[in-house]
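1. What follows is a predicted structure for the sequence shown.
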Amino acid sequence: MEWEAVIGLEIHVQLATQSKIFSGASIAFGSEPNTQACAVDLGLPGILPVLNESAVEMAVKFGLGIEAEIGMKSVFERKNYFYPDLPKGYQTTQNDLPIVGPGIIEVEPEEGKIRQIRIHHAHLEEDAGKSLHEDFHGMTGIDLNRAGTPLLEIVSEPDMRSAKEAVAYIKAIHSIVTYLGISDGNMSEGSMRCDANVSVRLKGEEKYGTRAEIKNINSFKFIEKAINHEVERQIELIEDGGKVVQETRLYDPDKNETRSMRSKEEANDYRYFPCPDLLPVVLDEAYIEHIKADMPELPKQKKQRFVDELGLSSYDAGVLSATRPMAEYFEQVKERCGDAKQAANWVMGELSGQMNKDGVEIEQSPVSAEQLGDLIKRVMDDTINGKAAKQVFAALWAGEGASADEIIEAKGLKQVTDTGAIAAIVDEVLTNNPQQVEQYQAAPEDKRGKMVGFFVGQVMKASKGTANPQMVNQLLKEKLG
Amino acid sequence: MHNKTIAELAQGLADGEFSSVELTQHFLQRIDELDSQYNSFITVTHEQALAEAKAADEIRAAGNAGKLTGIPMAHKDIFCTNGVLTTCGSKMLSNFTAPYDATVISNFKKAGMVSLGKTNMDEFAMGSSNETSYYGPSKNPWDLNAVPGGSSGGSAAAVAARLAPAATGTDTGGSIRQPAAFCGITGLKPTYGRVSRWGMIAYASSLDQGGPMARTAEDCALLLNEMAGFDPKDSTSLKKAVPDYTADLSKPLNGLRIGLPKEYFGEGLSAEMGETIMAAVKEFEKLGATVQEISLPNTMLAIPAYYVIAPAEASSNLSRYDGVRFGHRCEEPVNLEDLYKRSRGEGFGKEVQRRILVGTYALSEGYYDAYYRKAQRIRRLIQQDFLNAFNEVDLIMGPTAPTPAFDLGSNTEDPVQMYMEDVYTLAVNLAGLPGISVPAGLINNRPVGLQILAGHFQEAQLLNAAHQFQSATSWHQLAPGAGQ
């Protein structure tokens, strides 16, 4: 039996507004508990919400970014339930009439495999506060700094078929919201949080299986792990003759497992109804046009441009346009060196490798785009060869010099292109290795290609890597006959 | 001094007949001497009132006084007052001192008015008799065995008993107009959105509206001038200029078209009440108005629609009283559920609990369409009834309540009977219209209120008609005898 996972995601994106969605309090992260909660956030008697217009603008930007229908009339509703960190006893959110309607996001989970993930809708809502269970000796502390923080909840259709696709999807969302500048996308600070609806079915089956909702998955890594774990759990359960029950499960990253939080029967009846304190949000075409005019180039468009204008492969263009900092870095390198393919090779090769190794993001790269662009220029104008370039890059990364030129100079890596000088080294190498010369000359033509590598290596070694490899090859061929 | 209207007091202050401190002391003294009989105040702010009065006198001495500078008034305890206990008539908030002023309060402060204290009310404004107050019922100054009406019963009683020249009230289903009628004073419920709700503790947000309660229409106009206006802190307040509501008071009523809804004069209305109201209507005819019968066919549906919508909103609005951050918290909760259940069980009275239960039920999955959605449809029908009527007439008149003030304790056993008290007032809130109740007679020495309704934002027209009526009659000048 071959099983197939069916996954839908609900992603909560914290919007990068200055103040909360219904109050003037700041939304900065990491302040002392309850210092950023005003009377509105505390839900004091008599308070009223006033909608933050920039949250609306950001939601519309997102909608335009995924080419979704914009809800020209959206309505805030109250979702009623009791919880200590929910000050008013209801969450103000959108339900029947969300601000962003159906849209589509294209993802490429692996090279050449393009998937369309439909977005059901996205709506604005306020965040709750936090319950702090540590340090209170059996009691619970409430921090309402986060209460009222604007969130855009993006709800996908159950269109993903593997954890890998889910990760590609959330990365694409991350990319769009950071491109648009509507969120900092910082997952460790909770700026993007994800709930996954997971079910399994036999491949070819049309009906969906019973789903479980997994809460509390807050990093790309955990999403993949949590979903994979849940899929396995469900498959094992069914294969052992059991049944998946509709329930909410909590992911525990320490134990890499999900456990039941509450079943469908225990689920709250949220008693949604339109919030009488807020008017419907009514937008007009002029407003939409105004926002459209202000939209930056988005990853999808950028990727297309990289393919069409720069001649990059679809996959390379996808990687380089995936995040706004990555794309900006690449474009700067390309500007500097004047060659898109070289720039792409270096950014995706040497730079990305080093970043992965050291665990740094591109924003923190010790090698600036200008430095890398200049380095590539030196390869292109034959000042250094490829091998030396890697040395220069490593030195730049380690902070051993301010520019490629400085390091080339200091390390004496300038490529030797003087035929006489190279010929002298070649002669010396041939003289010192008579046996190899003999073997070479005795070998048939088709074997010689490989054998010449030995001499090239010796020459490069003797020149401390500075000899121009093409010239070395050329001379060796002439002298070996 | 206490028999003067605000307009007269303003003149007295301007003429230097008395100072604001003297005036304030006079009213504070009356409260101290007499209010034990009426129980119309929950909190009296002696020191603050005198300090405000002193400041007002200084402003006047400096030549910066406005029309109402230095005039004392009382506020319904539903308005948050910075640094002053704000209970909403509930045990739940019996320990709650608001850290901010409601916009209405700060508007009156800006006008230089002095706050005497906070008046009694039905708990969370849920009631028509003041009997649901945690602080005990307020009594009707016309007859201490009668209720003063509700929910703004304390405000009405205080103004009627001359313990304050005026008071604020709030009206969700008649809570300004009905107690004004029961206590023989004038009470105006403005158009929804005319007065800011910021800092006014919510009962049913889409229906709640603050307004003035005073002895005359002219006083109400003076007060509304300060109260009304757009508030950026209340998204449902309207960006609409505030006219001078006193400007049109003296306009003659020639040609005014008055509609009498036949539904308001049918079953349930006593002959005596009908005659009293018709006598008042006659006065308008004498003043040049024409009268015609109209129909508001969905009148009776207002009661069920209101008692779905208001409790539904209330059930959500009152969820914040959970014992976690402020308000009553039970002793020694053993767990979260216990904390919620006992804090709310102990903190809320029976009527509030009843409406929370009704509202929760009405919004529940599977019942939403049958109750809440249907009630909203009825609401639109009722609005349409009024819009149609206002195509034919300028004002609508009828009784404010089916009966004069009833006896304390006479309606408490049967909530539905109590709800019927609001039959003429509820629809006005559902439609968001302005309405005023003016004294129009006595039945067994208990006052009768005439309700006048106008189209949206036609407060000036309402006040004009009421003022003209009061210029021709003297019902509003009668003072209650009980306890004086």
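-> Great, that's in hand. Note that the structure is a prediction, hence the values are computed from the model and not measured.
2. Could I get the contacting residues of residue B:420?
-> For residue B:420, the contact set (C-beta atoms under 8 Å, 6 or more residues apart in numbering or on different chains) comprises B:268, B:303, B:402. Every C-beta, even on glycine, is put in place using the N, C-alpha and C of the backbone.
3. Including distance to chain A and pLDDT, could those residues go into a markdown table?
-> Listed next are these as a markdown table, based on distance: C-beta to the nearest C-beta, whole Å; pLDDT from 0 to 100:
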| residue | distance to chain A | pLDDT |
| --- | --- | --- |
| B:268 | 30 | 76 |
| B:303 | 20 | 94 |
| B:402 | 28 | 92 |
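4. Share the number of residues neighbouring the closest residue to chain B within the stretch 51-200 of chain A, please.
-> For the stretch 51-200 of chain A and chain B, the shortest gap (C-beta to the nearest C-beta) falls at residue A:89, measuring 2.4 Å. One way to gauge burial is a neighbour count; for residue A:89, by other C-beta atoms under 10 Å in any protein chain shown, it gives 21.
5. Distance-wise, check the spatially most central residue of chain B relative to chain A.
-> Nearest to the mean C-alpha position of chain B, counting by C-alpha atoms, centre = their mean, stands residue B:176 at 2.1 Å. Counting by C-beta to the nearest C-beta, to the nearest Å, the gap from residue B:176 to chain A is 18 Å.
6. so that residue touches residue B:213, yeah?
-> Yes. Using C-beta atoms under 8 Å, residue B:176 makes contact with residue B:213 at a distance of 6.0 Å.
7. intersection of neighbour lists for the two?
-> By the contact definition C-beta under 8 Å, 6+ apart, residue B:176 and residue B:213 are jointly contacted by B:152, B:169, B:187, B:188.
8. now these in TSV, with distance to residue B:289 and neighbour count?
-> Formatted as TSV, the shared contacts of residue B:176 and residue B:213 follow (distance: C-beta to C-beta, whole Å; neighbours: other C-beta atoms under 10 Å in any protein chain shown):
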residue	distance to residue B:289	neighbour count
B:152	29	39
B:169	27	33
B:187	22	33
B:188	19	34
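9. Just the closest of those residues to residue B:14, please.
-> Using C-beta to C-beta, residue B:188 comes nearest to residue B:14 of these, at 24.3 Å.
10. Quick check: chain neighbours aside, which residue is closest to the residue in the stretch 351-481 of chain A positioned nearest to chain B?
-> Using C-beta to the nearest C-beta, the single residue of the stretch 351-481 of chain A nearest to chain B is residue A:363, 38.5 Å away. For residue A:363, ignoring the flanking residues on the chain, the nearest one in space by C-beta to C-beta, 6 or more residues apart in numbering or on different chains is residue A:325 at 5.1 Å.
11. tell me the SS of residue B:182?
-> Three-state call for residue B:182 (DSSP: H, G, I helix; E, B strand; the rest coil): helix.
12. one step back: buried stuff in whichever strand or helix holds the residue nearest to residue A:363?
-> Following DSSP states H and E, one finds residue A:325 within helix A:324-337. When burial is assessed from 16 or more other C-beta atoms under 10 Å in any protein chain shown, helix A:324-337 yields the following buried residues: A:324, A:326, A:327, A:329, A:330, A:331, A:332, A:333, A:334, A:336, A:337.
13. In a markdown table: those, plus distance to chain B and pLDDT.
-> Formatted as a markdown table, these follow (distance: C-beta to the nearest C-beta, whole Å; pLDDT from 0 to 100):
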| residue | distance to chain B | pLDDT |
| --- | --- | --- |
| A:324 | 34 | 88 |
| A:326 | 41 | 93 |
| A:327 | 39 | 94 |
| A:329 | 43 | 96 |
| A:330 | 45 | 96 |
| A:331 | 43 | 96 |
| A:332 | 44 | 95 |
| A:333 | 48 | 96 |
| A:334 | 48 | 96 |
| A:336 | 50 | 94 |
| A:337 | 54 | 94 |
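14. Straight-line length of stretch B:309-323, end to end?
-> Distance across stretch B:309-323, first residue to last, is 25 Å (C-alpha to C-alpha, to the nearest Å).
15. Quick one: check that stretch for contact with chain A.
-> Yes. Figure legend: stretch B:309-323 in contact with chain A (C-beta under 8 Å from any C-beta of the partner chain); contacting residues B:312, B:313, B:315, B:316, B:318, B:319, B:320, B:322.
16. interface residues of chain A facing chain B?
-> Proximity of chain A to chain B (C-beta under 8 Å from any C-beta) is limited to residues A:39, A:42-51, A:78, A:80, A:82, A:84, A:87-90, A:142, A:269, A:271-273, A:276-279.
17. Of these, which belong to strands?
-> Secondary structure assignment by DSSP state E places A:78, A:80, A:90, A:142, A:273 of the residues of chain A next to chain B in strands.
18. Now the helix or strand where residue A:179 lies - C-alpha only, PDB.
-> Counting by DSSP H and E, the secondary-structure element that holds residue A:179 is helix A:163-180. Presented in PDB, the C-alpha positions along helix A:163-180 are these (Å, rounded to 0.1, in the frame of the first residue of the first chain):
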ATOM      1  CA  ALA A 163       6.500  17.700   4.400                       C
ATOM      2  CA  LYS A 164       9.000  18.900   1.800                       C
ATOM      3  CA  GLU A 165       6.300  20.700  -0.100                       C
ATOM      4  CA  ALA A 166       5.000  22.200   3.000                       C
ATOM      5  CA  VAL A 167       8.400  23.600   3.800                       C
ATOM      6  CA  ALA A 168       8.800  25.000   0.200                       C
ATOM      7  CA  TYR A 169       5.400  26.600   0.600                       C
ATOM      8  CA  ILE A 170       6.100  28.300   3.900                       C
ATOM      9  CA  LYS A 171       9.500  29.400   2.500                       C
ATOM     10  CA  ALA A 172       7.600  31.000  -0.400                       C
ATOM     11  CA  ILE A 173       5.300  32.800   2.000                       C
ATOM     12  CA  HIS A 174       8.200  33.900   4.000                       C
ATOM     13  CA  SER A 175       9.800  35.200   0.900                       C
ATOM     14  CA  ILE A 176       6.800  37.100  -0.200                       C
ATOM     15  CA  VAL A 177       6.100  38.800   3.100                       C
ATOM     16  CA  THR A 178       9.700  39.800   3.600                       C
ATOM     17  CA  TYR A 179       9.900  41.000  -0.100                       C
ATOM     18  CA  LEU A 180       6.900  43.100   0.600                       C
END
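19. After it, which helix or strand is next? Please name it.
-> On the C-terminal side of helix A:163-180, the closest following helix or strand by DSSP H and E is strand A:192-202.
20. If you count neighbours, what's buried in that following strand?
-> When burial is assessed from 16+ other C-beta under 10 Å, strand A:192-202 yields the following buried residues: A:192, A:193, A:194, A:195, A:196, A:197, A:198, A:199, A:200, A:201.
21. what's the angle from that strand to helix A:163-180?
-> 150 degrees (axes from the mean of the first three to the mean of the last three C-alpha atoms, to 10 degrees).
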